[in-house]
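Enquirer: Predicted model, plus sequence, below.
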Amino acid sequence: MSRRLAAGASAAALLALVRPAHAQTDFYNTDAGRPLTIEDAYPVERRALELQAAPLRLERALGGTYRWGIEPEMALGILPRTQVEVGLPLVYVDRGTSRTAGAAGVDVSVLHTLNVETLTVPALALSAGALLPAGPLGPDHAYGTLKAVATKTFSNARLHLNAQAAFGPGLSLASEGPVSGPVGGNTLELSRWLAGAAIDRTFPLRSLLVAVEAFARAPVVRGEEVEWNAGLGTRWQAAPRWTLDAGAGRHLTGDDRGWYVTAGAAFSVGLPWRAR
Amino acid sequence: MSRRLAAGASAAALLALVRPAHAQTDFYNTDAGRPLTIEDAYPVERRALELQAAPLRLERALGGTYRWGIEPEMALGILPRTQVEVGLPLVYVDRGTSRTAGAAGVDVSVLHTLNVETLTVPALALSAGALLPAGPLGPDHAYGTLKAVATKTFSNARLHLNAQAAFGPGLSLASEGPVSGPVGGNTLELSRWLAGAAIDRTFPLRSLLVAVEAFARAPVVRGEEVEWNAGLGTRWQAAPRWTLDAGAGRHLTGDDRGWYVTAGAAFSVGLPWRAR
Amino acid sequence: MRRSLAIAALLLAPFLAPAALPAQWARVHEQFYLQAPHNWVFRDQYQAADRLFNAFDYGHAILYETLWTRPDAPAALLEQKEYDFLTRKVLVKPPRVPLEEAAIEPKYAQLAPEAKQMFEWAHILHRQLYDVLADERLDAAGKDREVARLLAYYRTRPDLAFSARPKSMKLMQEQPYSLAFRRAYPKFNGLIWAYHWLQVGLYEPLVVARSQPERQAGVRATVARFWQMLADPPRSFPHQMPMTPAVAPAFSARYPEAAIVFDNLHSMHDVISDILANDAVPRSRKRAEILLAAARFRDDTSYVMSRDAWLAMAGHMGIENMGGPAVNFLPGLPAPTVTYGAVMTHDDRTGAMTGFSYGQAVGGGHAGHAAPADSAAKPAARTSAPDPHAGHHAPAPAPTPAPTPAPKPPAKAPDPHAGHKP
Amino acid sequence: MRRSLAIAALLLAPFLAPAALPAQWARVHEQFYLQAPHNWVFRDQYQAADRLFNAFDYGHAILYETLWTRPDAPAALLEQKEYDFLTRKVLVKPPRVPLEEAAIEPKYAQLAPEAKQMFEWAHILHRQLYDVLADERLDAAGKDREVARLLAYYRTRPDLAFSARPKSMKLMQEQPYSLAFRRAYPKFNGLIWAYHWLQVGLYEPLVVARSQPERQAGVRATVARFWQMLADPPRSFPHQMPMTPAVAPAFSARYPEAAIVFDNLHSMHDVISDILANDAVPRSRKRAEILLAAARFRDDTSYVMSRDAWLAMAGHMGIENMGGPAVNFLPGLPAPTVTYGAVMTHDDRTGAMTGFSYGQAVGGGHAGHAAPADSAAKPAARTSAPDPHAGHHAPAPAPTPAPTPAPKPPAKAPDPHAGHKP
């Protein structure tokens, strides 16, 4: 594989599959990528440990390239309204004639919710994350992201706003010029910025949530235009400890209007505790 | 698309996706393709009408070609131990640079079970089917198949044997020589012959069945060797009227060891009846 | 080619019959239940009760499979191991959907597929009748019409349908093989009878209730009664086969044909248990005896009784020996002694009542400890406990709604006042 | 860029607060339940009862949301529409998992997130206590130890935990806003009280049963009793708030701290209903009143009583006004009058009993219609009906196991003999 191709594949995998992973068991607490890119402002509960057991993702991008990903993650509610999270995305890129597989970095993040929603104030959260070099498809350098999230609940729906910016030496990837094509899907980290909104509606007696989103992002790759995306997804509380999610999305702009589908299952337990 | 490529794509879709569709709601009555190629000897119940609601199939063959299929089917228990079935496979072939979509023929079949299993005699069934020309990915001519099925139940498992042969003018396809590559997956109809066995085990309190299979087939395409395949699958009774199934399989021989995954849901109702 | 033949021989080997058994060719076929708007209504509206019936499927099937495949096993296999599994696991967490019995009793199903399908066809009738009687969209006439349709559909399979003529208990209890099961497996036999009690008993609250809330409450009460039978086995189990006209008299009076079919069904369950459990019937004869009994349960001539005789027999067997009636055993709720939502005032230091700030005591009789008009319907404990409401009246007396006396009070209610400072 | 700004403004518009409301900054946080091997045991072992509690979540939440968001709606919205939906749909087909209450009561949750989370934290304690008491792997000491752990964990959130000191009913019933809910919505109020009856009542069979089958049977009976309360509302509902020491005296004696917390929890449920339902509290004051009441329910000083006074008060309020006791109301099964599995012979023409071919009548007293030792425990109808077993004896008398008399027979059982030819 040529060096350029390798770089392209690596970046593509990276862009497609690695997201700040604020996994939450509760079907009502959406999480970036589970199922939508745009998430809500709430962390996992304090003292909860959540495991993303089988988070699958299939994406089709330009040229019939199929990418498969499995993204084990764990999130921990370490402090009131605060979670830390670690993810290890594993990626398999199938370009037909060539295939690549491996880890695509290590993802760590912390999310802190400032307040609980009241009649006058939406819930607000701040998140900071880093993608660290690891694995054959991981980045060469560490990247950082900062993100602000707001959630406002109406009687019949919730509205979520996300705004995010990236920084770090990894942005020098852009100096290599455009990769072989635009990358599809749920690409957050290596956007110069990302902003979007999601609306979800809950069917509380069924413990089911359905959501739609639209967001814009500026890819770091030089020469790319602002890219618009749309997605829809659902989360369902299958059992008290188990949440299932599924989603799909598509690019609305650019030459290649790629799509992706996701499916996942999260399991949660509490931390051990003993009275002092 | 060149004529040869078109023929190849058509044959590939055909081979991959069209099977005699003996759909049965009951999780205990396996059906060709739902989830395995090798099926059991029982038809749907008399007076039952069964609809395959969302039978999906994704297959990867040589060169990174992904094929997606949706195969609506309906089966009717018209007589004691006898069903007729009609299926309309819809196929989307994604060769990366080119994509083809459309119907891949009309599939009709009848299956008759000769007897119910007793301590000394296994259940035996005969099936006759035809694949009729229809749609852009359908065959040019009608093809026929004949099949014999036997099922023997042990205390902890069941064993199913299938043997099948094809006939019809469609076999002249072989005279065009090998298509661009061997076709993957659950390819029954256009084998000169097919023979195999499946073993399944039931978890009756969960209304769950898991099964494995191995079968050999002789592709009609001249010059192909006998091809060995293996698969595994599961069926689950999700509700009295709903059965879900999922399966996966792989070629064990040949240059291209392609794989496939399937997922489906079947719904059943009874025919209207009034006392005379 | 030689390799292919070898493979073929290998694959076919399991299909070769054991030489000792004669070849059997059976052609009985399965049939879908009657399609109707009331399909699965009972499952939808009475989930917990419906799931118990799924669990019962398992109990019946594992019984036959064990009796047939483990003839030399100690009685404890059924009486302890399977019994505990059934009552502590399967009934407690019953399956979500009706089970595939052939997967639980594969060898029994091969032994007598014709008899197995008779049970299945009758179980479908059982289930569909619950659906009709549970469907609040149907009025009484609609229910009668749908029950008649179900019975007509049931009759379309004369090769499977039980006779609608009552059968004498002689067919069940006085055959050469009779009683082997109840003697060797009294707990499991009692469990099966408790199953049959609920399977016919549950029709009764569905039939006698006058409203949807009464039907919902009645079904829960009947199910609770079934669980009560499991508390001290076999003493607490029915001592006789529960007869539908005794356990569910209103249902039996309204749908006698269905009641007779179910009594015949439940009789044949016991007969097959006896044939399988009785060593005096050689294994080579068991299929023939089962098919003979099955034919007698289908025909309208063997061992028949009149309907009047059937009713008399059920009465003489004694409802008290069958687990008791399926309705009207739960006492009424206690009659309140204050108006709805009345506010009593209390001394914060002692908790003692000091008066009413809203509402009042019900019935002037409370004032002087005299029995009110409905005192006979009061919990017994009330009459011997000091009445803390005596002598208190609301500051501004409101109209006093007289509570309807509860029809069936508990014989004895625990007295929460005992041990508390008055 | 102008377009981007316009889009941003559009997106942010819904976040701008209505000018009339003061900004509220709340920071209460959620916490996971105590991780333990007994997690979800109750759900696993008592599915139908557990699901009712999921349905109760919905009832509580939709009540507050409706009271807050539809202040001008007619009473029929809650008393008929929501009541029917709850009792005919939600309770009949309860949700499979505990619900997300914030999704049912989003506006109430915004009004008073601190109070909402107090309820949630106490509901977690409720649920986890069922788990401990339902766990057959724990002996009595193990259960006591785990209950103590749960209470200690509950206390780690002083910002959410209800006081373990009993509160006077004055806090609930004698505030300026009190009684508004029960007056305007008697059916819904009764339903909430029935919920609270079951939520504390269900501990009692779990505590008093001596075996797993008794526990299973007891829980079913208590659940059946709850359904009985729905049959004739509001007459059949509790007329007073069910007090834990009255409804579940054994539980309250063993775990008084938990019982007090639940009484305080259930009191505060009623208080918030009154605050929301009472028009005398202006909308701008409702949050403040709720937070004030919540603080009083958390502290150990406001409106406190001694435990003895609490017990006395619960007794004086009258168990008969609270839906009755949660156990021991179901009569015993009838005492059989034949030996287990006895075979009566019958005249096939009339159905009349002719004798026994196996087993016999129980108790010689049957022979002469004299009352056996346990006649007082017999169904009343038995004594006035001719005894078909009189005078019959088994051909070969077998040892007669004397059945234990059933402790609590039904006051009256329907007589299947009536109308049948003897």
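Expert: That came through fine.
Enquirer: can you confirm C:Val92 is in a helix?
Expert: No. Counting by DSSP: H, G, I helix; E, B strand; the rest coil, C:Val92 falls outside a helix, being coil.
Enquirer: distance of it from B:Ser207?
Expert: Distance, C:Val92 to B:Ser207, by CB to CB, to the nearest Å: 18 Å. From N, CA and C alone the C-beta is placed, and that goes for glycine too.
Enquirer: neighbour-wise, which of those two wins?
Expert: More neighbours surround B:Ser207 than the other of C:Val92 and B:Ser207, with 25 against 17 (other CB atoms under 10 Å in any protein chain shown).
Enquirer: show me the contacts for that one.
Expert: For B:Ser207, the contacting residues are B:27, B:236-237, C:95-97, C:99-100, by CB atoms under 8 Å, 6 or more residues apart in numbering or on different chains.
Enquirer: hmm, try it at 10 Å
Expert: B:Ser207 sits next to B:26-28, B:235-240, B:243, C:54, C:95-100, C:103 when contact means CB atoms under 10 Å, 6 or more residues apart in numbering or on different chains.
Enquirer: Tell me which entries of the residues you listed lie within helices.
Expert: Per DSSP state H, helices hold the following members of the contacts of B:Ser207: C:54, C:103.
Enquirer: hmm, which of the contacts of B:Ser207 are the buried ones?
Expert: Buried subset of these (neighbour count, 16 or more other CB atoms under 10 Å in any protein chain shown): B:26-28, B:235-237, B:240, B:243, C:54, C:95-100, C:103.
Enquirer: Looking at the residues you listed, spot the one nearest C:Ile124.
Expert: C:Ile124 lies nearest to C:Pro98 out of those, by CB to CB, at 9.2 Å.
Enquirer: A:Ala218 should be in a strand, yeah?
Expert: Yes. Using three-state DSSP, the assignment for A:Ala218 is a strand.
Enquirer: how about the nearest residue to it, chain neighbours excluded?
Expert: A:Arg192 (4.2 Å; CB to CB, 6 or more residues apart in numbering or on different chains).
Enquirer: Now name the helix or strand holding that neighbour.
Expert: Using DSSP states H and E, A:Arg192 falls within strand A:191-203.
Enquirer: what's the answer for C:Ala109, then?
Expert: helix C:106-111.
Enquirer: just checking, what packs against that helix?
Expert: strand B:143-153, helix C:47-69, helix C:101-104, helix C:113-134, helix C:256-277, helix C:283-298 (3 or more CB pairs under 10 Å, 6 or more residues apart in numbering or on different chains; DSSP states H and E).
Enquirer: Need phi/psi at A:Ala104.
Expert: Phi and psi for A:Ala104, reported as degrees, to the nearest 10, are phi -120, psi 50.
Enquirer: before we move on, what about C:Arg210?
Expert: With angles defined as degrees, to the nearest 10, C:Arg210 sits at phi -100, psi 0.
Enquirer: Give me the distance from the helix holding C:Ala109 to the chain's centre.
Expert: Distance, stretch centre to chain centre, for helix C:106-111: 26 Å (CA atoms, centre = their mean, to the nearest Å).
Enquirer: buried set for it?
Expert: C:106, C:108-111.
Enquirer: C:Val219 against C:Ala134, yeah?
Expert: Yes. Contact criterion CB atoms under 10 Å: C:Val219 and C:Ala134 qualify, at 8.2 Å.
Enquirer: Could you tell me which residues touch both of those two?
Expert: Here C:Val219 and C:Ala134 share the contacting residues C:42, C:45-46, C:49-50, C:202, C:206, scored by CB under 10 Å, 6+ apart.
Enquirer: average pLDDT for stretch C:269-278?
Expert: In this model, stretch C:269-278 has a mean pLDDT of 98.
Enquirer: Just to check, C:Arg43 is in contact with C:Gln128?
Expert: No. Between C:Arg43 and C:Gln128 there is no contact under CB under 10 Å: 11.2 Å.
Enquirer: Who has more neighbours out of the two?
Expert: With neighbours defined as other CB under 10 Å, C:Arg43 and C:Gln128 compare such that C:Gln128 has more, 25 against 22.
Enquirer: residues contacting that one?
Expert: Per CB under 10 Å, 6+ apart, neighbours of C:Gln128: C:33-34, C:36, C:38-42, C:146-147, C:149-151, C:153-154.
Enquirer: 6 Å instead, please
Expert: For C:Gln128, the contacting residues are C:33, C:150, by CB atoms under 6 Å, 6 or more residues apart in numbering or on different chains.
Enquirer: same deal with A:Leu146?
Expert: A:128, A:165.
Enquirer: distance of A:Leu159 from B:Ala48?
Expert: 47 Å.
Enquirer: Please read the previous query as pertaining to C:Leu292.
Expert: 31 Å.
Enquirer: wait, what's in contact with residue 130?
Expert: Picking chain A for this. Applying CB under 6 Å, 6+ apart to A:Ala130 gives the contacts A:108, A:142, A:144.
Enquirer: Switch to chain C, please.
Expert: C:Phe42.
Enquirer: same thing but at 7 Å, please
Expert: C:42, C:202 (CB atoms under 7 Å, 6 or more residues apart in numbering or on different chains).
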